[in-house]
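S.K.: Coordinates for the following, if possible.
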Amino acid sequence: MPFPLAMGIWVVIGLAILLVIFVGFRHRRREGRSLVPRVPAVPVVAGVPDLGTQLLPPVRATYVSSTLSGDWLARVSTPELGERASATLSVHEAGVVIERPGPGTLFIPAAAVRGAGTSSGMAGKFVGHEGLDVITWLAPDDVLLDTGLRLARRDDRPALREAVTRLVAPAPDLTSHDPNEKESL
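M.R.: Predicted structure coming up:
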């Protein structure tokens with residue numbers, strides 16, 4: 001086979017592969033946007049963020065990704081949630097603030113926080129030994145998400161989990177019982 005023909009075939013194959021990759025990224029982003037069409041904004045009063053008392057001062061971290069809760073491979077690919085970035089994380093009475101250059105600030109309202117934990121990996125990052133801190137939260141449209149962060153200093157991990165856990169609303173007591181209420185069988 002002549003060299004120019006062989007090169008032409010390889011160029012066409014390369015362009016086809018790039019097209020498939022591009023279409024895949026667009027589909028993934030569109031799918032993520034349908035799951036989480038919008039993320040909460042930082043509350044602002046008179047042009048100033050209204051976050052209440054600071055429970056954890058800013059700490060440096062790497063924002064890894066946000067995934068569907070319980071499925072660490074199901075990354076939510078939206079511009080606000082899908083991109084890995086360096087970050088500064090702080091916890092306030094109003095919620096968790098994750099400031100990132102590029103993708104912008106991610107705000108998780110206190111009322112949306114469902115828990116804090118650790119994981120050894122998440123879509124886009126595997127660190128082992130429970131090296132990621134995970135915040136579980138309820139995004140708008142009732143989508144439960146896990147947001148993974150890799151803190152720059154291991155010493156900050158207990159303080160982060162404690163501050164995020166303080167935001168979690170206590171579960172309603174379903175065992176309370178009105179003594180005047182009659183039970184029916």
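S.K.: in this structure, which spans are strands?
M.R.: 44-45, 48-49, 54-68, 85-92, 95-99, 106-109, 113-119, 121-122, 125-126, 132-139, 143-151 (DSSP state E).
S.K.: Name the residues that touch the last one?
M.R.: Applying CB atoms under 8 Å, 6 or more residues apart in numbering, the contact partners of strand 143-151 are 35-36, 59-70, 72, 76, 81, 87, 89, 98, 106, 108, 114, 119, 122, 125, 127, 131-139, 157, 160. In this view, the C-beta of every residue, glycine as well, is placed from N, C-alpha and C.
S.K.: which regions of this protein lie under the pLDDT threshold?
M.R.: 24-37, 124, 169-185 (pLDDT under 70).
S.K.: quick one: contacts for residue 112?
M.R.: Residue 112 neighbours (CB under 8 Å, 6+ apart): 40, 95, 137-139.
S.K.: want to throw those residues into TSV with distance to residue 11 and neighbour count?
M.R.: Shown next, in TSV, are the contacts of residue 112 (distance: CB to CB, whole Å; neighbours: other CB atoms under 10 Å):
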residue	distance to residue 11	neighbour count
40	46	16
95	51	22
137	46	27
138	48	16
139	43	22
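S.K.: of the residues you listed, closest to residue 9?
M.R.: Closest to residue 9 out of these is residue 139 (46.2 Å), distances taken as CB to CB.
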